[in-house]
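J.: Let's see this in three dimensions:
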Amino acid sequence: MNAFQLKVNCSRIPPHIGDVVTPVSIYLTLRDLYPNAVLLESSDYHGNNNSLSFICFDPIADFIVNNEKVLCRYPDGQEEVTQLPAQESLTDILQGFVNRLKTDGAACPVPASGLYGYTTYDAVRYFEDVKLDVDPNAPNAIPDMRYHLYRCVIAFNHFTNQLYLVEHLMDGEASQFASLLNILKNRTVPSFRFLPDGDERSPLTDDAYRQMVNNGKEHCFRGDVFQIVLSRQFTQRFTGDEFNVYRALRNINPSPYLFFFDYGNYRLFGSSPESQLVVEKGVATINPIAGTFKRTGDDMKDLELAEALAKDPKENAEHVMLVDLARNDLGRNCTGVTVKTYKEIQYYSHVLHMVSEVNGKLKPNSSVPRVMGDTFPAGTLSGAPKFRAMELINKYEPHQRSFYGGCIGKLGLDGSFNQAITIRSFLSKDNTLFYQAGAGVVSESSDVSELNEVNNKLGALKKAIELAREF
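T.: Numbers count the residues shown, from 1 in each chain. As a prediction, the model looks like this:
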C-alpha cells in the first residue's frame, strides 16, 4: 500500500507569547475552535525527563477499534475497515497503519510526531485469548482503542521554556502558524461552572468489596494466582464543565502523566503516576508500582511510613511478583532484560508507592505495538499469573473495566512509545463521571486494609470533584 508523505513544519512560538501562556490556558482557548482537541501535561519532571506537554488538534488520520472492527482513516480521507479476528494480529494492523504515515525527517527540537490516544483494559481480548464479558451498551462503554495523528501539535518544553508549533502537512497544504499566533495573542479563556448532581454511587458496597477481596485470597491460597488486583468503581452525576475537575485534580495530585482527551460524546482525563510502557531508542521500560501506604501530611511521620513500607512483608511480596512479571513480559520481545531500579519509595500527594524500573533492548524483529500488546495490561492492574488473574477479575468484578487499567498517551512515528496506565482517572460520559481504583490481593491480605487502600487511591479523585465547584 502507498505511504502518505507528510511534511513536518516546526515553528518556534515567540517568547513574548510563550511566557504568558500555559498548557491549560491554550487548551481552553483552542478547544471551542478545534473540537476533539487533547491535552497531555507533565508536572513532575526531573531535568529534561518528562518535561514536555502537548496540545493536539485537527485530527487527520484515525485508528479506531470498536465492537470487533478496526477503522483506519488516512490523511486523504481513504478508509479501511477490518473485521476481527483477522489474518493479521491487531498489533500488526496497527504497525501497518503507522508504517503508512511517513514524515520528511525534518529536524524538530521536540518529538511531537505520533499517534495520540488510548487503549482500554477491555482491549486485552484482542491481544490474548482471554474471554471478557464486554457489553457494548454498558454506561461506561467506549471504543476499545482510539489513536489519531493530528495536523497541529503545540509542544511545551518546560525545562528550556520553549514553545513550538509542529504541523503535519500533506503536499500543497499551507502552514497555520500565522493564524494560530493571532489566536494566542487575542486569547480569551471561557469559563463554565461544574457542579456534582446528587451523591456518588458504586455497584459494590464496602462489605461486598471486602467479600470480593476474600474470594481473591481463597484463589491465592489454592494456588490459582499469586496475586490478583480487584477494583471498585464509582459514578457521580454532574452538570457543567468537567474540565474544572481536571484542573482541580492536577492541582491536588501533580503527576508525571496529566491528560485531558476530548472525543465529543465522551472524555478521558486523569493524573497517572505510572507508565504502562516506555520505548525510547530501542529500549523498552516498565516501572512497576506496587506497595502503597497513605500519607499523613506530616513529613517526619511520612518518613517513618516510608521506612515501614520498605520493610512490609506483604507489600514486598506483592512487589517482587510484579517485578518478575514485568521481566517475563519484556522477555517476550527484548534481550538483556534487567532490573535497573528496585523498590524505590516515591512520594505522591496522598500516598507512598514502592517503585522499580525494568528494561530491555528490543529484538530486531519486534515492533512497538507488539511489545505493547505482549505487556498489556500492566501486571500492577491485573495480577500474576496475568491470564488467570484476568479470568477471575472478569468473574468477580460486577462492572466492565472499560478505560480503567488501560493505557493512554503517545505512539511515536519514530518507534518511540510513552503511555501511562489509566489510573487516578475519569471517564466522563452522558453527564456522569466514572472512576475506579483497585488493590493487589495476596494470601496475606486483610480485606479491611485492601478496602482502605482503594479509598486512599480514590482520595484525590473525590477531592477533585469537590474542589471543582470553586473553579
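J.: what residues are up against residue 83?
T.: Residue 83 makes contacts with 68, 69, as judged by Cβ atoms under 8 Å, 6 or more residues apart in numbering. Placement of C-beta: from N, CA and C, glycine included.
J.: Tell me where the stretch 301-450 of the chain has strands.
T.: Shown for the stretch 301-450 of the chain, the strands assigned by DSSP state E, counting those that start in this stretch span residues 334-347, 351-362, 383-384, 407-412, 417-421, 425-429, 432-441.
J.: quick one: strands adjacent to the shortest one?
T.: In other words, strand 383-384. Here strand 383-384 has these sheet partners by DSSP bridges: strand 227-240 (antiparallel).
J.: Below-threshold pLDDT in the stretch 101-250 of the chain: ranges please.
T.: Of all residues in the stretch 101-250 of the chain, none has pLDDT under 70.
J.: And the helices in it?
T.: Counting by DSSP state H, counting those that start in this stretch, one finds helices in the stretch 101-250 of the chain at the ranges 124-127, 177-185, 206-222, 243-252.
J.: Which residues in the second one does the neighbour count mark as buried?
T.: Spelled out, that is helix 177-185. 180, 184 (16 or more other Cβ atoms under 10 Å).
J.: for it, packing partners?
T.: helix 15-18, helix 23-30, strand 162-169 (3 or more Cβ pairs under 8 Å, 6 or more residues apart in numbering; DSSP states H and E).
J.: and the angle from the second one to strand 162-169?
T.: When axes from the mean of the first three to the mean of the last three Cα atoms, to 10 degrees is applied, the directions of helix 23-30 and strand 162-169 differ by 40 degrees.
J.: after helix 23-30 comes which helix or strand?
T.: Going down the chain from helix 23-30, the next helix or strand is strand 38-41, by DSSP states H and E.
J.: Quick check: neighbours of that following strand in the sheet, parallel or antiparallel?
T.: Strand pairing for strand 38-41, using DSSP bridges, gives strand 52-66 (antiparallel), strand 257-262 (antiparallel).
J.: Now distance to residue 163 and mean pLDDT too, for the ones you listed, in JSON lines please.
T.: Listed next are the strands paired with strand 38-41 as JSON lines, based on distance: least, Cβ to Cβ, whole Å; pLDDT from 0 to 100:
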{"stretch": "strand 52-66", "distance to residue 163": "10", "mean pLDDT": "96"}
{"stretch": "strand 257-262", "distance to residue 163": "17", "mean pLDDT": "96"}
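J.: Please identify the most buried of those strands.
T.: strand 257-262 (a mean of 25; mean count of other Cβ atoms under 10 Å).
J.: what's that one in contact with?
T.: For strand 257-262, contacts defined as Cβ under 8 Å, 6+ apart pick out 27, 31, 35-43, 116-118, 243, 246, 249-250, 267-275, 408-409, 420.
J.: what's the span of stretch 132-140 from first residue to last?
T.: One end of stretch 132-140 to the other measures 15 Å (Cα to Cα, to the nearest Å).
J.: For it, what is the distance to the chain centroid?
T.: When distances are taken as Cα atoms, centre = their mean, to the nearest Å, stretch 132-140 is centred 20 Å away from the chain's centroid.
J.: who's in contact with that stretch?
T.: 67, 122, 124-125, 141, 233, 235, 390, 394, 399-400, 402-403, 427, 429-430, 432, 434.
J.: hmm, 6 Å instead?
T.: Contacts to stretch 132-140, defined as Cβ atoms under 6 Å, 6 or more residues apart in numbering, come from residues 67, 122, 125, 394, 400, 402, 427, 434.
J.: Ok, stretch 409-421 next?
T.: 101, 103, 113-116, 257, 272, 274-280, 368, 378, 407-408.
J.: Repeat that for stretch 67-81.
T.: Residues contacting stretch 67-81 (Cβ under 6 Å, 6+ apart): 4, 60-64, 82-84, 93, 97, 136, 170.
J.: These: which two are farthest apart?
T.: 136 and 170 (34.1 Å; Cβ to Cβ).
J.: Let's see which of the contacts of stretch 409-421 end up in strands.
T.: 101, 103, 114-116, 257, 272, 275-280, 407-408 (DSSP state E).
J.: which of those has the most neighbours?
T.: residue 407 (30 neighbours; other Cβ atoms under 10 Å).
J.: Once you drop chain neighbours, what's closest to that residue?
T.: residue 276 (3.7 Å; Cβ to Cβ, 6 or more residues apart in numbering).
J.: That concludes my questions; thank you for your assistance.
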